[in-house]
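Engineer: How does the following fold in three dimensions:
(chains A and B, ligands or ions: 2)
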Amino acid sequence: MARLSLDHVTKSFANFDAVKDVSIDVGDGEFLAVLGPSGCGKTTLLRLVAGFEKVTSGEIRIGSETVSAKGGSVAPERRRVGIVFQNYALWPHMTVAENIGYSLKVAKLDRAVARQKVEDALALVNLQGLGDRRPSNLSGGQRQRVALARCLVAAPSLVLFDEPLANLDVHLRASMEDEFAAFHKRTGTTIVYITHDQAEAMALADRIAVMDGGRLAQLATPRELYHEPANEMVASFISQGILLPADVLGAEEAGHCKVRVLGTELVVRCRSGERPRTGARICCRSADLDVSPDGAGFDGLVKRVIYQGGAARIEFAPFNAPDLTLHFEQPDPVVLESGAQARLRIRSGWLIPAAGAAS
Amino acid sequence: MSTSIRESRGQEMALTAAVAVVIVLLSLLPMLRLIKEIVAPGGTLSTVAIKAGLASPATWIATWHTLVVGIGGTVLAVLSGTLVAVLITLTDIRGRSALVLCYVMPLMIAPQVTALAWLQLFGPASPFLNLFGAAPPLGTKNPLYSTSGVILLLGVQYGPLVFLLVRAGLRKLPRELVEAARAGGAGWFTVLVTIVLPLMTPSIMAAAALAFVSCVGNFGIPAFLGIPANYLVLPTLIYQRLAGGGPAVLGETAFLSVLIGIIAMAGIFAQEVMSRRRDYRISSTSLPAEPYEFGRWRPAVQAGMWLLIVLVLFLPLFGLVLTSLVPGYGIALNARTATLDNYRFVLFEHDAASRAFFNSFWLSIAAAFFAVLVAVPIGYLIAWGKQRWVRLLNLSVELPYALPGVVLAIASLLLFLRPIPLTGIQLYNTVWIILYAYLARFLVLALRPTISGYHQIDRALEEAAQVAGAGLFMRMRTIIFPLVAPAAIAGGLLIFMTALSELTVSALLWSSGSETIGVVMFSFEQGGDSNYAAAMSVITVAVTFVLMLVTNLLAPYLPSGVLPWRD
Ligand SMILES: Nc1ncnc2c1ncn2[C@@H]1O[C@H](COP(=O)(O)OP(=O)(O)OP(=O)(O)O)[C@@H](O)[C@H]1O
Ligand SMILES: [Mg+2]
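Structural biologist: Ligands and ions are numbered 1, 2, ... in the order given. I've put the predicted structure just below:
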C-alpha cells in the first residue's frame, strides 16, 4: 500500500496541454475517483502515474519514491502498479491462467507458488475453474474480472482503473461495482479509479477529483462535491446542478448568507467569510425547487413536461430571465402541463465561491 | 419502370459475363490445361508423365535444392524483415520514412538485377573492389556462385516483403496489450518476446509463406548465381530442359512446374495450419504503443540501420553503375577509362537489346493498361457484389500470381503450342504469348489496390447516382471509375515496373524477335558481357525510380498500403 502524490504535474502533447498543473495527494489505502467530461485528460493522468507518459513538468511520487520528474522517470515495470484497462487488454494468445500468472512468471516466481497464487486470484474474482479458457471465450464481465485478477495477483501497492465498467451493461456494472468496493475493503489497496459515471464515483470513492480541460476543478468527498461545489463547472457537472445569477446582500453568518435571486430574497449556504457582492451565482439542485402556488417565489412558464415514470421532469423558464432553464421533478399525480404558468420557490442553495477564492 | 429494371439487370449480367470470360481465359484455362497435361497427356488418363518425372535423379536433386534455398531464403528474409520491422515500428528511431523507402527498394528491383549487382560487387573483376585494389585475382570463383550466395540474395530480395506485412501487423497492436505487460513488471525485451512476437504470429507466418513461395519460384537469382555453379533448382532446371529440348520436353517440364506449384502450396498450407493453432485475434483498436527509447544507444542503432541499407541497396547499385561504365571485363575503372559506350551499345547498336527495350516497354504498358481497365469492374463485383461466388473470383485471379511464374509460363506454352482452335491463330513463338502471360500473372497487382479503393468509398455515392437514374455502365464511367481511378492506376504503375524487367516468364516464352529486357540481360551475362547487362540494368532501375516518383504524386488519393515504399 502506498501514498500517491502528484505535485504540479503538467503534460503537453506538442502545444496542447492534456494535463495542466494538477496536484493531488492520495492517502494510503484511499479510493480516489477521477471524474470529468470526455477528453479532459483523465486517461493521460492515469498513464502519467503508470509511467507510460513522461511528465512535462512537476513530480509524481509513489510511497516515498519519486517516480516521475522532469529529469527522469522510473520505468513502468518497476513501479509496482496494477492497471485495469477499459478494453480489458487481455492477451489473446494466452489462457486465462497464463494471463493472470504473467507478472509472476516475469518475476521468476517458483512454479507451484505461482500456480497457487493464480488459483487464489481466480477465486477472488469468482472465476474458479476457468483458468484454461481463452479470453475470447469469456463474456464481457468475465473478461473484466480476469483483468482485475491479473492486476491483483502481483499485490501491487497502487491499482489504477481506467473506466473499467464502461463496456458493461447496467446490471453487470452494479454487481462489479459491489465487487470493487468489497475488494477495496478487503485489501485496503490505494486505488485511482477513472470514470465518467458520477453515480459510480459517488458510490465507490472516498474522494473524487473532478477534472476539466486538463485542470483539477475540485478534489473533495462526494458529499462536499454535491453540496459545496467549488466552481461553476463542478456545480453544473455534478448531478445537473442549476446555476442562477445572484447578488449577495449580507455577510456570512453561521455558514449562511442572504442573496437575491430572480427578484426574490432567500438564504443560502456559503463559505465562511463571504461578503456582499454582485454578479455571484448560486447552485441549486432540482430537489431544492418546489411549486408554491400562493407563497413567495417567482413566476414563469412551464416549457416541457417529460414523464419519467412515477414523476415528471419539468423544465421551467422564469419570466424575468426567460433564457434560463430550471428543472425539477414533480411526483405523480403530475398536474403541470407544458405552456402552463406556475410559481416556483427555491428552498435552499449554495453560493459558489468567487473565482480565485482559496478553497 | 419495369423496362429500366430490366435494363440495369441486363447491364449487370453483361458485366458479370464479361468478367467471367476474362477470368476463365486468364486464370482457369491455363491451370486446367496444365493439370490435364499431367493427368492425361495426349487426352487419355495416364501416369507416364508423372512416373518419368519421378524416375529422373535430376528432378530430385533440383527439388532438394529448391527446398534448401527456399527454406534458407525464407528464414533469412523472416529474421531480417521482422527485426527491421520491430526496430522501425516500435522504437524511437529517427528518419522512418527514409528508412522504409530504402529498405523496401530492393523489392522494386528485379531479382536478376539484384543478382547482377551483387555479383559485380564481389567478383574478381569488381570495379568497386578495384577502386581499393582489393578485387580477388582474375579467374577466382565469385563467392556468390554458391548455395549460400543464392540464399543470401533471396533473403535480401524478400526481407522487405516480410517487413511490410509484419510492420502492418505491428501498427495494429493496441498499446494496452503492451502496457498491461509492462505494468506486470516485464521489461521491454520480455514484452517483445512474450507478447509482441507471439501476437504477430499470424503476420509473420503469412509473411513467411509469401516469402517461401517467392523464393521457391524465383528464377533470376538462381539463374545468375546457381547455373554457373551448376546448382540447379526447379525453375532453372525447367529453363535448361526447355532451352535444350524445345517443345518435345514440354510434358516433362509440365510435371516439374506442377512440382513447384505443390511445394509452394505446401508452404501456404503449413502457414494456415500454424496460424490456426492458437487464438491471436486482436479485438480492440487503440493507439499504437509508445516507442521504445534507445536513449544514448539511438545513434548507434540508427547507424547500424543505415549500414544495413548501404549494404543491401546502395553498394550493389553502386557496383552496378561502376560496371556499366567499365569498357571491358577486368579493366580498372578510372576517370580515363570510364565510358558510356555500354549504354550506347545496348540502346542503339545491339539489335536484340534495342528490340528488347521496345518490346518490354510496350508489353508492360499494354499489361498495365489492360489490368487497370479490367480491375475496375472485377473489383466492383468483388468489393460490392452480393453474390457468394465472387470470393472464388478473387481466388482465381490471385492464383496465377500466387503460383510461381514458371508454372504459368509452362501452362501458357501448353495452351498455345498449337494454333488456337477454329481461328488458326498462332501465338507460340510470338510476342503475344508473353503478353497473354503478363496479363494473367499481373492482373492481381492492379486488382488488390482497386479493391481496397472500393472499400474506402461510401457506397452511397453510387446509390445516389442510381437513384438519379444512371444505369450500371453510366455509373461505372461517371462515378465509379473516377473514384477508384487513383488506386487502379497506381496498381497499373506497379504492374509496369514489375513487368518491365521481368525475367521468369519471358525466359521460357521468348523467341527471336520477341526478346524482353530481362532475357537479353540474362544472355549478356551468360555470355560474359556483364558490362552490357549492367548498363541495361541501370537503365531499368532508373526508369523504375522515376516511375516511383511519379506514382508518389498519386499518393494523397490512395488508400494507405497501396504503394509499398510509402510509409
Ligand atoms: N498521445 C497523444 N498525443 C496528442 N494528444 C493526446 C495524446 N493522448 C491524449 N491526447 C489528447 O489529450 C486530451 C486528453 O485525452 P485523454 O485520453 O486523457 O482524455 P480522457 O479524459 O481519458 O477522455 P475519455 O473520457 O474520452 O477517455 C485529449 O484532447 C486527447 O486528444
Ligand atoms: Mg480515457
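
Engineer: Which residue is the nearest non-sequential neighbour of B:Leu417?
Structural biologist: Sequence neighbours aside, B:Tyr428 is the residue nearest to B:Leu417 in space, at 5.3 Å (criterion: CB to CB, 6 or more residues apart in numbering or on different chains). To be clear about C-beta, it is placed using only N, CA and C from the backbone, and glycine gets the same treatment.

Engineer: ok, the one you found - contacts?
Structural biologist: B:Leu413, B:Phe416, B:Leu417, B:Arg418 (CB atoms under 8 Å, 6 or more residues apart in numbering or on different chains).

Engineer: contacting residues around the third one?
Structural biologist: Contacts of B:Leu417 were listed using CB under 8 Å, 6+ apart, and they are B:Pro247, B:Leu250, B:Tyr428.

Engineer: go on, the second one?
Structural biologist: For B:Phe416, the contacting residues are B:Gln426, B:Leu427, B:Tyr428, B:Ile433, B:Tyr436, by CB under 8 Å, 6+ apart.

Engineer: If I look at the closest residue in space to A:Ala230 that isn't next to it in sequence, what pLDDT would I see?
Structural biologist: Excluding the flanking residues, the one nearest A:Ala230 by CB to CB, 6+ apart is A:Gln218, at 4.3 Å. The model reports A:Gln218 with a pLDDT of 94.

Engineer: Please apply the same query to the one 3 residues further on.
Structural biologist: A:Thr221 carries a pLDDT score of 95 in this model.

Engineer: I figured it hits A:Met202, correct?
Structural biologist: No - here A:Thr221 does not reach A:Met202: they are 9.6 Å apart, not a contact under CB atoms under 8 Å.

Engineer: more neighbours, these two?
Structural biologist: The neighbour comparison of A:Thr221 against A:Met202 (other CB atoms under 10 Å in any protein chain shown) goes to A:Met202, with 18 against 14.

Engineer: Quickly note the distance from that one to ligand 1.
Structural biologist: According to CB to the nearest ligand atom, to the nearest Å, A:Met202 and ligand 1 sit 18 Å apart.

Engineer: dump the residue contacts of that residue.
Structural biologist: A:Ile208, A:Pro222, A:Tyr226.

Engineer: Pull the distance from stretch A:319-326 to the chain's centre.
Structural biologist: On the basis of CA atoms, centre = their mean, to the nearest Å, stretch A:319-326 sits 30 Å off its chain's mean C-alpha point.

Engineer: residues making contact with it?
Structural biologist: A:242, A:244-245, A:262-263, A:289, A:298-301, A:303, A:315-318, A:344.

Engineer: again, only this time at 10 Å
Structural biologist: A:242-245, A:261-264, A:284, A:286, A:289, A:298-301, A:303-304, A:314-318, A:341, A:344, A:346 (CB atoms under 10 Å, 6 or more residues apart in numbering or on different chains).

Engineer: Quick check: strands, which of those are part of them?
Structural biologist: A:242-245, A:261, A:264, A:284, A:289, A:298-301, A:303-304, A:314-318, A:341, A:344, A:346 (DSSP state E).

Engineer: before we move on, back to that, from the contacts of stretch A:319-326, list the buried ones, please.
Structural biologist: A:242-244, A:261-262, A:284, A:286, A:289, A:298, A:300, A:314, A:316, A:318, A:344, A:346 (16 or more other CB atoms under 10 Å in any protein chain shown).
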